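Engineer: Everything below, folded, please.
(chains A and B)
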There are 2 protein chains.
Amino acid sequence: MRSIKIGVLGLGNVGAGVLRILREHSQTLEQRVSARIEVKRVLVRDLSRAREIETPEGLLTTDPSEVLEDPEIAVVVELIGGTTTAKQFVERALAAGKHVVTANKALLAEHGDALFQRAQECGRELLFEGAVAGGIPVLRAIRHGLASDRVQRLCGIVNGTSNYVLDKMTREGLAYAEAVAQAQAAGYAEADPSLDVGGVDAAHKLALLASLSFGKRVTLDSIFVEGIESIRAYDLAVAKDLGYVVRSLAIASRGADDRLQLRVHPVLLPHDHVLAGVHGAYNAVLVESEALGRSMYYGQGAGMMPTGVAVTSDIMDVARTILANTAGQASTAEDTAPPQVTRMASVVGASPDTLQHANYLCVHVAHVSGVLGRVATVLGAHGVSIAKMRQDHPEGASHARMVIVTEVVSEAAMAAAITELERGDDCVEATVRIRFMEPEG
Amino acid sequence: MRSIKIGVLGLGNVGAGVLRILREHSQTLEQRVSARIEVKRVLVRDLSRAREIETPEGLLTTDPSEVLEDPEIAVVVELIGGTTTAKQFVERALAAGKHVVTANKALLAEHGDALFQRAQECGRELLFEGAVAGGIPVLRAIRHGLASDRVQRLCGIVNGTSNYVLDKMTREGLAYAEAVAQAQAAGYAEADPSLDVGGVDAAHKLALLASLSFGKRVTLDSIFVEGIESIRAYDLAVAKDLGYVVRSLAIASRGADDRLQLRVHPVLLPHDHVLAGVHGAYNAVLVESEALGRSMYYGQGAGMMPTGVAVTSDIMDVARTILANTAGQASTAEDTAPPQVTRMASVVGASPDTLQHANYLCVHVAHVSGVLGRVATVLGAHGVSIAKMRQDHPEGASHARMVIVTEVVSEAAMAAAITELERGDDCVEATVRIRFMEPEG
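Structural biologist: Numbers count the residues shown, from 1 in each chain, chains lettered A, B, ... in the order given. Have a look, this model is predicted:
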């Protein structure tokens, strides 16, 4: 049986998980891949440091070239994190003819364009299952499915922190700040959670998912992003009364002219929607494609072992590709480039202004006569029809609170109406606005 | 680039779907597999029959040996259905050294043991993604994951008919017979739906899923099976009041001593459980494994294109295995046997008597004094504690209806209590009993 040698950069949590999986499951991995997968060298910063896993004499090295330029090593697994050194190492590995597996989302977010380009030029694979929704084999399903199907739409819960916070607020009636504090205490949120709750982390993942699914290069600036920071327990309680739950979703859809619409924002989902059952820090991605129709992939978005399984899957995939190419005749770089790379073309994200939604609004206005009339008139003037409305007073406050559910209306009209509403002196607090899921979603 | 030639048996719906996918996506398939996949011959019964898809001159044949014994054909795709001829053809194909892909659940249910054994002896793969939950790549996820993980528990909605019927009854308050009639009208149920609503179809699929997941040979007679026929709209309405929905689940779990517990029966799920969001004829499988934790795969369980995609995935997988083995040195039949076959061992299904559940009971008794006392006393005598109880009268009936939610109790105690209850003269109708999902599920 043939042996495929890999080199690992970094031996933190995920690295130790990968080594453990490769060791404990070596026999079944061999059978599955039809080759022995052998870790030849692991790059660490400090040889003397205590490790989560025992390693044989001579496996560890502090010299990058012993991994990156070893001619026997066919696959380099990048797990050092960060973006500067990691980028250099990945480029050196590709230049030396190695396939690369990484779980480094930040690296791909910042340098993905250049690195995928480089991998294509070198005719090597650059796989990253562990970088999006950790333990969920969604990239594999898309890549595998892509070859015989055509994705129309993706819709995912890809940020565990935001989902944890919204779920806590919904289930326990916690205030936003309190739910964030609990997420931090539980290890689901960073000390500065703004990249997560602000939607930027989800946008990074959406860019990777959409690039792969639609074969188009998606950059962060083509994604409309709105966080969950302005949502209050009150909004979630009203949503529940209406039969909805709120989830922060990352959505990519093929619009007219094959243009992509890309966005991350909170969405009101019917309580019996398949994504409404995703609680805590779990992730899920719902895919709609021509042949398969709707399919969904659900699981843990992060963690040492889930990410370790994802990285191991990528290693297995690369190993099979290596074996297949060795068997093929005259395979060139062109032939072996994965489809997502060769099919890439630049994409112009459609402006969110072209989208249409029903909306939940919570408007806070001074309790003066005629105020309901003004609100209704402003909405009407912008073509925003009201489907449902109710008015009350927040506990202990003297102003009025109006909850309005609008009919389906364009983003542009809704935004203009809210701007005009908030220009009025009688508007005492920022309006909360949450979009409903489109009927087809 | 190398070419891998396949032969197809049968050109019905799924066959036409597979041919269409292979044709329309030939370029991306080539890139993904690193080989050209070429359909060399398709076996049909009648050359003159009109087809859903145009085929080139000479592709179709009525002579099985032109597919089964053509030395150029490396993969045979069995899509003729039935179990007798299909079995002979699959055996001939394996004997001739071909890998086999099938979507024929009935074939595997009836002859799976013999066929997997045969495939192992021949050192060939026998893949069947299309046979379980059509469009959901769950077998692939399990096979891929198995190599680096260990499944502890599976829990799936794998019969679209039962799910459609229960969902209709829940959402629209339809009676059972009415919901079945609608399922038949919508093409989701056969004229005789008993295999579906009775749970036997789900048990067949569970046997395949569990064999693959646990590496043990699972036969139908080790699976406890209970259908949905006795459930009424009333039970579902009460469940909803309690915050639950009812789904027919196929469950396999690793118990003490590595013994498997295998069962198909209706289950009360909390309304926000991830499987509660599975509506209509959709399927989903929730997997719990050591490294990944909980993951779920959701999609259409049947249909021409979803099944076509599943079959195509298997073809791609086999093609990659062929290429990998060609590249490997001295690969023997032993080496190439897929893990699920080599790891098989006979399994003794644990008796359902060892299981423990909370239960929903709906007991119908004559409206006579002392009847509640008798019911409560019988339950108590068998160690069944009552968590909730309510009594009313079915519309237009003179007898009393008691809904009882029990605490967690053994199967044996619950069954004995129900038997004794129903022995009483005051018991006027069969007792409806539905198990709650275990807390860890």
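Engineer: make it CA atoms for all contacts and neighbour counts henceforth
Structural biologist: OK.
Engineer: And the strands in the stretch 251-400 of chain A, which stretches?
Structural biologist: Counting by DSSP state E, counting those that start in this stretch, one finds strands in the stretch 251-400 of chain A at the ranges A:260-270, A:282-289, A:293-300, A:356-357, A:359-365, A:386-392, A:400-406.
Engineer: can you redo those as a markdown table with mean pLDDT and mean neighbour count?
Structural biologist: Output for the strands of the stretch 251-400 of chain A, formatted as a markdown table (pLDDT from 0 to 100; neighbours: other CA atoms under 10 Å in any protein chain shown):
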| stretch | mean pLDDT | mean neighbour count |
| --- | --- | --- |
| strand A:260-270 | 95 | 24 |
| strand A:282-289 | 95 | 24 |
| strand A:293-300 | 94 | 23 |
| strand A:356-357 | 90 | 18 |
| strand A:359-365 | 96 | 23 |
| strand A:386-392 | 94 | 13 |
| strand A:400-406 | 96 | 21 |
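Engineer: now for those strands, which one comes closest to chain B?
Structural biologist: Nearest to chain B among the strands of the stretch 251-400 of chain A is strand A:293-300; the distance by CA to the nearest CA comes to 4.1 Å.
Engineer: quick one: contacts of that closest one?
Structural biologist: For strand A:293-300, the external contacting residues (CA atoms under 8 Å, 6 or more residues apart in numbering or on different chains) are A:133-138, A:278, A:281-288, A:306, B:135-136, B:292-300, B:306.
Engineer: Nearest to A:Thr28, out of the strands of the stretch 251-400 of chain A?
Structural biologist: Checking the strands of the stretch 251-400 of chain A against A:Thr28 by CA to CA gives strand A:293-300 as the closest, at 23.0 Å.
Engineer: residues contacting A:Pro71?
Structural biologist: Counting by CA under 8 Å, 6+ apart, A:Pro71 touches A:Ala96.
Engineer: Is it correct that it falls within a strand?
Structural biologist: No - counting by DSSP: H, G, I helix; E, B strand; the rest coil, A:Pro71 is not found in a strand; it is coil.
Engineer: can you pull the contacts of the nearest residue to A:Leu323 once chain neighbours are set aside?
Structural biologist: Closest residue to A:Leu323 apart from its sequence neighbours, by CA to CA, 6 or more residues apart in numbering or on different chains: B:Ala324 at 4.5 Å. Contact partners of B:Ala324, counting by CA under 8 Å, 6+ apart, are A:Val33, A:Ser34, A:Arg320, A:Thr321, A:Ile322, A:Leu323, A:Ala324, A:Ala327.
Engineer: farthest pair in those residues?
Structural biologist: For the contacts of B:Ala324, the maximum inter-member distance is 14.2 Å, found between A:Val33 and A:Ala327 (CA to CA).
Engineer: between those two, which one's more packed in?
Structural biologist: A:Val33 (25 against 22; other CA atoms under 10 Å in any protein chain shown).
Engineer: Quick check: that one touching A:Met316?
Structural biologist: Yes - assessed by CA atoms under 8 Å, A:Val33 is found in contact with A:Met316 at 6.3 Å.
Engineer: How is chain A divided into domains?
Structural biologist: Using automatic domain parsing, the domain ranges for chain A come out as A:3-135+A:303-342, A:139-300, A:353-436.
Engineer: Packing partners of the host helix or strand of A:Leu208?
Structural biologist: Assessed by DSSP states H and E, A:Leu208 sits inside helix A:200-214. If contacts are counted by 3 or more CA pairs under 8 Å, 6 or more residues apart in numbering or on different chains; DSSP states H and E, helix A:200-214 sits against helix A:105-122, helix A:138-146, strand A:151-157, strand A:244-254, strand A:260-270, helix A:339-342.
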